[in-house]
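Engineer: Need coordinates for the below:
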Amino acid sequence: MQNVRGINRQTWKYVYRAFFDMLMVLMFTWTFSFFWRVRLNMLQSIAFLNKGNLLIEAIYALLSFSFIMGLGGFGFGRGRKSALLIGQAVAMFMTNLVALGITTLVVGQVQYIQYILGQYLVIMLVNLSELLVYTIIVTDLYRLIFPPFEILQIYGKYRNTLPHKMNLRDDKYHIVDSVSYTEDLAEIFTRIKRYDAVLINDIPSEVKNKILKYCFDLDKRVYFTPKISDILVKYSAEVNVVDTPLYLCRNLGMSLPQRFVKRLIDICLSAIGILISSPIMLAVAIAIRLYDHGPAIYKQVRCTRGEREFQMFKFRSMIQNAEQDGKARLAAEHDDRITPVGKFIRATRLDELPQLFNIFMGDMSIVGPRPERPELIREYQDSIPEFAYRTHVKAGLTGYAQIYGRYNTTSYDKLKLDIIYVQRQSLILDLQLILMTICIIFMKDSTQGLEEGATNANVLGMRTNEEKQEDRAAEAVSNEQDADALPTGEEK
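Structural biologist: Numbers count the residues shown, from 1 in each chain. Sure thing, here's the model as predicted:
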């Protein structure tokens, strides 16, 4: 009976989200419809009749749906209210911007442009008011109907901050109990039955596989931290050429035509970006010069595809000679090296604008893993040899780790996010990440620095050499163990 209730609960979650997602699109379309039929349609020399109006409204609904989907505005109850609101607001802005262009072309009379623009500004203000009320009510109602899962954590040898980070989302997760994977497996199975879900947190593969199968048998929801190999396998292709299931890891990335289109997009977008942002870049450069009379542009050696080194451009946000000791270190949360101007341009991402020139010249792409400094790459690889995997593609201004991670996310977790992009990369994914970057600009979490005194974001780097060697050895043994070993003669 518990399994049936669990299945019904999940089904009702999907129904709830789908209903209110569609209702939101209809709400925006109704607002547009009112302004279109009452104030805009009449501007045409021959006004649209019912079918023409329905076509315009259908186009608006499709635009709304596409932009909200691409910017993560759907899924009430999954994300934070602030993230949903930002995604929805940006989606509404872009929808109305496109609709404004369509309306201007349809009306086709220059004297009405100012009036049309005014009407769309009113539409956007109404949309924002609708969003604020609607999202808060629907999200709060979701949390009331569907309380957070009570979760059992099964942890490994080394503790991490994952339970704390998950408990920060107390509307979704509530880790109420923890047990070590070294406990008797029968005792672990008994405790699993008491909870809604299980968090498998960095345990050996052999034990993880047994727990996964047991939870699958009970229809229990399972969260687990993936290893690098798990990510590589996840995005493999299924091959059906023999009567035994096969997975294929191509490891080729984009095809040659796709890479050509990606490069063409990089050139066009970076050129447009340089042209549009040139007044802003000029103002930032003047502000930096006026503060301490130092250089406005800071050049730093970074690595791109194949670990090729290049000079990356940024607006200088720190004092001059910030690393006098010659040791590379990332910015801390309250770093006294950051100037007042630097705090502003870092918070608003304006310090990244000169990288548009790197993209135009071909050293970087719009989308890809962030370019790291060679010395930090070497330092990271001492603890995580797989860190070099992220250089299989060209470095980027924005990307998977930049959007879903934070500035102080550990290097190992950033690596996992970057490898997800390396495995999934496509032109469609690039477009989605570019759109989502607009939302990230308004979120503070991704600009947080490291703890005071930290030189990088590597959790493993805080351990002793003996602990790191022991951990790597344990992980190697774990990866070699296979719960799905070939059956013995008796099992056959």
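Engineer: Now I377: closest residue in space, sequence neighbours ignored.
Structural biologist: Spatially, and ignoring its direct neighbours in sequence, I377 is nearest to C303 (6.0 Å; C-beta to C-beta, 6 or more residues apart in numbering). All C-beta spots, glycine's among them, are computed from the backbone N, C-alpha and C.
Engineer: pLDDT at that neighbour, what is it?
Structural biologist: Note for C303: predicted pLDDT of 94.
Engineer: And for Q381?
Structural biologist: If you check Q381, the pLDDT there is 85.
Engineer: Same check on I68?
Structural biologist: pLDDT for I68: 93.
Engineer: okay, now it: neighbour count?
Structural biologist: 24 (other C-beta atoms under 10 Å).
Engineer: rewinding a little: got the phi/psi numbers for the residue nearest to I377?
Structural biologist: phi -120, psi 140 (degrees, to the nearest 10).
Engineer: Tell me where the model's unsure across the protein.
Structural biologist: Counting by pLDDT under 70, the chain contains low-confidence residues at 1-7, 322-334, 407-408, 443-492.
Engineer: longest helix of it?
Structural biologist: Secondary structure assigned by DSSP state H gives helix 256-292 as the longest helix of the chain.
Engineer: For that one, name the packing helices and strands.
Structural biologist: strand 309-315, helix 340-347, helix 355-361, strand 365-367, helix 427-440 (3 or more C-beta pairs under 8 Å, 6 or more residues apart in numbering; DSSP states H and E).
Engineer: 6 Å instead, please
Structural biologist: helix 340-347, helix 355-361, strand 365-367 (3 or more C-beta pairs under 6 Å, 6 or more residues apart in numbering; DSSP states H and E).
Engineer: Tell me the strands beside the shortest one, with direction?
Structural biologist: Applying DSSP bridges to the sheet, strand 365-367 is found paired with strand 396-398 (parallel).
Engineer: from the chain's centre, how far out does the strand it pairs with sit?
Structural biologist: 12 Å (C-alpha atoms, centre = their mean, to the nearest Å).
Engineer: Pull out the buried residues from the host helix or strand of D413.
Structural biologist: Taking DSSP states H and E as the definition, D413 sits inside helix 411-424. Residues of helix 411-424 classed as buried: 411-423 (neighbour count, 16 or more other C-beta atoms under 10 Å).
Engineer: And stretch 89-97, by the same measure?
Structural biologist: Applying 16+ other C-beta under 10 Å to stretch 89-97 flags 89-92, 94-96 as buried.
Engineer: Over to stretch 260-279?
Structural biologist: Buried residues in stretch 260-279, counted by 16+ other C-beta under 10 Å: 262, 265-266, 269-270, 273-274.
Engineer: neighbouring contacts of that stretch?
Structural biologist: 353, 356, 359-360, 365-366 (C-beta atoms under 6 Å, 6 or more residues apart in numbering).
Engineer: for these, which one is nearest G52?
Structural biologist: Proximity to G52 was ranked across these by C-beta to C-beta; first place goes to I366, at 37.8 Å.
Engineer: Spit out the contact partners of that closest one.
Structural biologist: 266, 269, 397 are the contacts of I366 under C-beta under 6 Å, 6+ apart.
Engineer: State the distance from it to G273.
Structural biologist: For I366, the distance to G273 equals 9 Å [C-beta to C-beta, to the nearest Å].
Engineer: sorry, back to before: tell me the angle of the helix holding D413 relative to helix 427-440?
Structural biologist: Angle, helix 411-424 to helix 427-440, by axes from the mean of the first three to the mean of the last three C-alpha atoms, to 10 degrees: 140 degrees.
Engineer: Distance from helix 411-424 to the middle of the chain?
Structural biologist: Centroid displacement of helix 411-424 relative to its chain, using C-alpha atoms, centre = their mean, is 11 Å.
Engineer: cool, stretch 190-197 as well?
Structural biologist: 31 Å.
Engineer: Quick one: residues in contact with it.
Structural biologist: Stretch 190-197 is contacted by residues 149-152, 179, 198, 221 when judged by C-beta under 6 Å, 6+ apart.
Engineer: So for that stretch, what gets flagged as buried?
Structural biologist: 192, 195-197.
Engineer: Could I get the contacting residues of K208?
Structural biologist: Applying C-beta under 6 Å, 6+ apart, the residues near K208 are I200.
Engineer: What's the separation between it and L199?
Structural biologist: Taken as C-beta to C-beta, the span from K208 to L199 is 12 Å.
Engineer: Next: M436.
Structural biologist: 26 Å.
Engineer: more crowded one of these two?
Structural biologist: Using other C-beta under 10 Å, the more surrounded residue of M436 and L199 is L199, with 22 against 19.
Engineer: could you pull out the strands for the protein?
Structural biologist: 149-155, 173-180, 197-201, 221-224, 237-239, 246-248, 297-303, 309-315, 365-367, 396-398 (DSSP state E).
Engineer: Just give the strands next to the second one in its sheet, each with its orientation.
Structural biologist: Put plainly, it is strand 173-180. Short version: by DSSP bridges, strand 173-180 pairs with strand 149-155 (parallel).
Engineer: In PyMOL, select just the buried ones from the contacts of stretch 260-279.
Structural biologist: To isolate the buried members of the contacts of stretch 260-279 in PyMOL, using 16+ other C-beta under 10 Å:
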select buried, resi 353+356+359+360+365+366
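Engineer: What is the nearest of the contacts of stretch 260-279 to A388?
Structural biologist: A388 lies nearest to S365 out of the contacts of stretch 260-279, by C-beta to C-beta, at 18.2 Å.
Engineer: Quick check: that closest one touching T398?
Structural biologist: No: using C-beta atoms under 6 Å, S365 is not in contact with T398; the gap is 9.5 Å.
Engineer: Now do the same contact list for the one residue sitting closest to the centre of the chain.
Structural biologist: In the chain, the residue lying closest to the centroid (C-alpha atoms, centre = their mean) is Y404, at 2.8 Å. Contact analysis of Y404 by C-beta under 6 Å, 6+ apart lists L417.
Engineer: got it, and G87?
Structural biologist: Taking C-beta under 6 Å, 6+ apart, one finds 71-73, 439 in contact with G87.
Engineer: Tell me which two of those sit farthest apart.
Structural biologist: Spatially, the most separated pair among the contacts of G87 is G73 and C439, at 8.8 Å (C-beta to C-beta).
Engineer: More neighbours: those two, which one.
Structural biologist: Ranked by neighbour count (other C-beta under 10 Å), G73 and C439 place G73 first, with 28 against 21.
Engineer: ok, which stretches of the stretch 101-250 of the chain are helices?
Structural biologist: Using DSSP state H, counting those that start in this stretch, the helices of the stretch 101-250 of the chain run over 113-145, 162-167, 185-192, 205-217, 228-234.
Engineer: sorry, back to before: please produce TSV containing the buried residues of stretch 190-197, extended by distance to W30.
Structural biologist: Shown next, in TSV, are the buried residues of stretch 190-197 (distance: C-beta to C-beta, whole Å):
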residue	distance to W30
I192	47
Y195	43
D196	38
A197	38
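Engineer: V341: which of those is nearest?
Structural biologist: Using C-beta to C-beta, the buried residues of stretch 190-197 come closest to V341 at A197, 46.7 Å.
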